[in-house]
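K.L.:
Need the 3D shape of this:
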Amino acid sequence: MPSFKIDTSSAVVFVATPPTPKLLSKQTGEIAIDRETGAPLATVGLLVADEGEGNLYQVTVPSTGVPEGLAPGTMVHVVGLKARDWENTFNGQTRHGISFRAVAITVGA
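P.N.:
Numbering: from 1, shown residues only. Just a heads-up that it's a prediction; the model follows:
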């Protein structure tokens, strides 16, 4: 599926929830791995405010692109943020949504 670049150059971005490992399976606790780099993946909650509107995004980032000690309230920049729509069917129920992925998150105003 195609992905779309998201321009955050004029946005103010804060950490809403700290990084947590992205699980491939909740049953086994297996952590998802980035196919390109082999790095474990993390999920970070980001509050993105732009043009008078704020949105909370759960963004997947390779753990190598997440600074140590990233805490809620920290102002950050998002490198290479992309959105992609998804759909899956499980037990006869179809779900769909948008997933967000970034190359890295850097600390700074």
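K.L.:
Centroid-nearest residue for this protein?
P.N.:
V59 (0.9 Å; C-alpha atoms, centre = their mean).
K.L.:
give the contact list for that one.
P.N.:
Applying C-beta atoms under 8 Å, 6 or more residues apart in numbering to V59 gives the contacts T43, V44, G45, L46, V78, L81, F100, R101, A102, I105. C-betas here are computed from N, CA, C, even on glycine.
K.L.:
what about 6 Å?
P.N.:
V44, L46, F100, A102 (C-beta atoms under 6 Å, 6 or more residues apart in numbering).
K.L.:
cool, and A39?
P.N.:
Here A39 is in contact with P62, S63, T64 (criterion: C-beta under 6 Å, 6+ apart).
K.L.:
got a pLDDT number for it?
P.N.:
pLDDT recorded at A39 is 94.
K.L.:
Find the nearest non-adjacent residue to it, please.
P.N.:
Using C-beta to C-beta, 6 or more residues apart in numbering and skipping residues adjacent in sequence, the residue nearest A39 is P62, 4.1 Å away.
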